[in-house]
Every structure is written in C-alpha cells, then in structure tokens.
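Q: Structure for the following, please:
(one chain, ligands or ions: 1)
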Amino acid sequence: MRLREQVAVVTGAGRGIGRAIARALAAAGARVALLDVNEAEARDAAGEIQKAGGDALALRADVTVRAQVEAAVAEVLARWGTVHILVNNAGWDRPMPFIETTEEFWDRILAINLKSQIICTRAVLDPMIKQGYGKIVNIASDAGRVGSTGEAVYSAAKGGVIAFTKTLARELARHRINVNCVSPGPAETPLFEEEFAKGKPGLAESLKKAIPWGRLARPEDIARAVVFLASDEAEYITGQTLSVSGGLTMV
Ligand SMILES: NC(=O)c1ccc[n+]([C@@H]2O[C@H](COP(=O)([O-])OP(=O)(O)OC[C@H]3O[C@@H](n4cnc5c(N)ncnc54)[C@H](O)[C@@H]3O)[C@@H](O)[C@H]2O)c1
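A: Residues are numbered from 1 along each chain as shown. From the prediction side, this is the model:
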C-alpha cells in the first residue's frame, strides 16, 4: 500500500469530502486522525475505517481555534509520534449576494475557510520540518479560481488558500514538504444539500448540463486526487492547484 506507515491528519473528516478523504488515505495504508468540530460524526467515520481494518483516531477540534488544533495535534503526536500528511479540508459557505452579507458573516467565512488552514498548517510544521518530509493538501474550490456568484467572501478565502499554498510550497521545498491544492467543483455532499440545493430543485440538473462530464463530483473523486498528491508518486509536484470538477472549470 502506497501510504503504509504514514500518519495523516484530515480536518472536517466527519462527513462529506473529508470523510471520503480519510477513508481513502486509510485504504492506502495511512493511520488517520479525523478532526472535526462534530465529534459524533468524527467517531462514526473513524469507526467505519477501523471496521474495514484501518487505524483511525477521532478528535474533536474547531479548526478556527488554535489552542484546540494544537491540543489535537499533540494527541496525534502522543499516539503515533509524528505527522506526515495534512489535509486541510474543513470549510463552509452559505451562498447569498455580497450586498446582503454582514461583517460577522465575513469573519466566520474567512475563519473557517482560510485562517483554519493557516492554523492547522502551523500546528504540524515542526515535526514535518524535523523529519524533512511532509505532504500538505489544501482543499480549495473552483470559486477561488474563477469566482462564483453568491460566494464573494468564500471565493476570497479560497483564493487565499491557493496563494498561501504557493508561497508555502516555495518556502518548504528545502524541507522536502510538498504543498498543493485540490480544487473541487460542485460535489454531492451534505454541505451542498443543506446550503446550495435546498429549495432549488433545478440546481443540480442545471449544473449537470454545464459540467462536461455530466454529473456532480462525488466525494471519492476528490479523495483520489488527494491520495495521489499525498503520495510519493507526486514527489516533484508542489505549489499546484488541481481542479476536480468534471471539466466545469479549465484554468
Ligand atoms: N461540496 C461542494 O460542492 C464543494 C465544492 C468546492 C469546495 N468544497 C470544499 O470541500 C471541503 C469539504 O466540503 P463538504 O462539501 O464535504 O462539506 P460538509 O459540510 O459536508 O463537511 C464539512 C465537515 O467539516 C466540519 N467542519 C466545519 N467547520 C468546522 C470547524 N470549524 N472545525 C472543524 N470541523 C469543521 C463539519 O462538521 C463537517 O463534518 C470544504 O473546504 C469546502 O469548501 C466543497
């Protein structure tokens, strides 16, 4: 298995794309820490991995709170000694016209989608630098590459994720730490159902018409790209953004 003996941390791993990423990393042989603000979902996802014969640890952490992230990473280090892979996946949005958004909403969106990735990255860097090895995969969004009506601040946050990724990739290459983004297009997840499709029965169908591949992304589509970038098969790839969007965006 290509990730045997690797220790991976996945944020927002309780459901949706993060859960599929945790499952796929474990299936590739990694030991996986599942961080989520929803502890029950994280435990359920970890239990699913364990049932399939994998090694998983569920940890409650709000990724916008540095002390909680540091405490969770300390638990990972106590259990497995180091971290090889970080997947910054936790994120959230509620689409609405920018003109209707409040400052409180801007702060929340920037904290969950951008500052969280900065916090989590900093929390795992010391062991990665010490061992001279690391794979960081940041989940962006094609909203951050091409914009998305109703998602102005989210797009700004995800654009920030992409820029953060590029600079970190430059700074950390000497430590043999790869930093890349996976950028999903519209994906069938609880977030999509709750915040995008609810009350808009035609949305998924019209997206399917616009997507050359003819369907929305499944969480597993995103997870496969993450496993590749987290593996040594991607050793010479850093600072890149890989869209997984069925061809909806070609940047
Ligand atoms: N679904 C899509 O269409 C889509 C498209 C592009 C990008 N993305 C991105 O993919 C990632 C995953 O999205 P999803 O659709 O699977 O979402 P989701 O809401 O279905 O799952 C997100 C998970 O993150 C957790 N989470 C949220 N805030 C958290 C916090 N502060 N601390 C810890 N955990 C937290 C939630 O509890 C949940 O388990 C996000 O970064 C999102 O922006 C999603």
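Q: Residue 22 and the ligand, how far apart?
A: Residue 22 sits 10 Å away from the ligand, going by C-beta to the nearest ligand atom, to the nearest Å. To be clear about C-beta, it is placed using only N, CA and C from the backbone, and glycine gets the same treatment.
Q: Offset the numbering so it begins at 11, please.
A: Okay, using 11 as the starting number, the last item reads as residue 32.
Q: burial measure for that residue, as a count.
A: Residue 32 has 35 neighbours, counted by other C-beta atoms under 10 Å.
Q: Could I get the contacting residues of it?
A: 18, 20, 23, 42, 44, 55, 56, 59, 66 (C-beta atoms under 8 Å, 6 or more residues apart in numbering).
Q: what about 7 Å?
A: Residue 32 makes contacts with 20, 23, 42, 44, 55, 59, as judged by C-beta atoms under 7 Å, 6 or more residues apart in numbering.
Q: And for residue 248?
A: 179, 183, 188, 189, 190.
Q: Now for the third one, how many residues are close by?
A: It stands for residue 188. When neighbours are defined as other C-beta under 10 Å, residue 188 has 25 of them.
Q: tell me which element it falls in.
A: Assigned by DSSP states H and E, residue 188 falls within strand 187-194.
Q: So which residues on the stretch 111-260 of the chain come close to the ligand?
A: Applying C-beta under 6 Å from any ligand atom, one finds that the stretch 111-260 of the chain approaches the ligand through 122, 149, 151, 194, 196, 197, 199, 200, 201, 202.
Q: Which pair in those has the greatest spatial separation?
A: With distances taken as C-beta to C-beta, the most widely separated pair in these is 122 and 196, at 18.7 Å.
Q: Show me which of those two is the more surrounded one.
A: Set side by side, residue 122 and residue 196 show more neighbours around residue 196, with 24 against 21, by other C-beta under 10 Å.
Q: if we can go back for a sec, could you list which of the contacts of residue 32 belong to helices?
A: Among the contacts of residue 32, DSSP state H puts 55, 59 in helices.
Q: can you pull out the helices in the stretch 161-261 of the chain?
A: Ranges of helices within the stretch 161-261 of the chain are 162-182, 200-201, 213-220, 229-239, based on DSSP state H, counting those that start in this stretch.
Q: Can you tell me which of those helices is packed in deepest?
A: Highest mean neighbour count of the helices of the stretch 161-261 of the chain: helix 229-239, a mean of 22 (counted as mean count of other C-beta atoms under 10 Å).
Q: what's the average pLDDT for that one?
A: The pLDDT scores in helix 229-239 average 98.
Q: Who are the packing partners of it?
A: If you count contacts as 3 or more C-beta pairs under 7 Å, 6 or more residues apart in numbering; DSSP states H and E, helix 229-239 packs onto helix 26-37, strand 144-149, strand 187-194, strand 251-254.
Q: quick one: average confidence on the third one?
A: Averaging pLDDT along strand 187-194 yields 98.
Q: number of nearby residues for residue 71?
A: For residue 71, using other C-beta under 10 Å, the count is 28.
Q: dump the residue contacts of it.
A: Each residue near residue 71 by C-beta under 7 Å, 6+ apart is listed here: 45, 47, 78, 79, 82.
Q: And residue 191, by the same measure?
A: By C-beta under 7 Å, 6+ apart, residue 191 lies in contact with 148, 150, 171, 172, 175, 251, 252.
Q: what's the answer for residue 90, then?
A: Residues in contact with residue 90 (C-beta under 7 Å, 6+ apart) are 17, 41.
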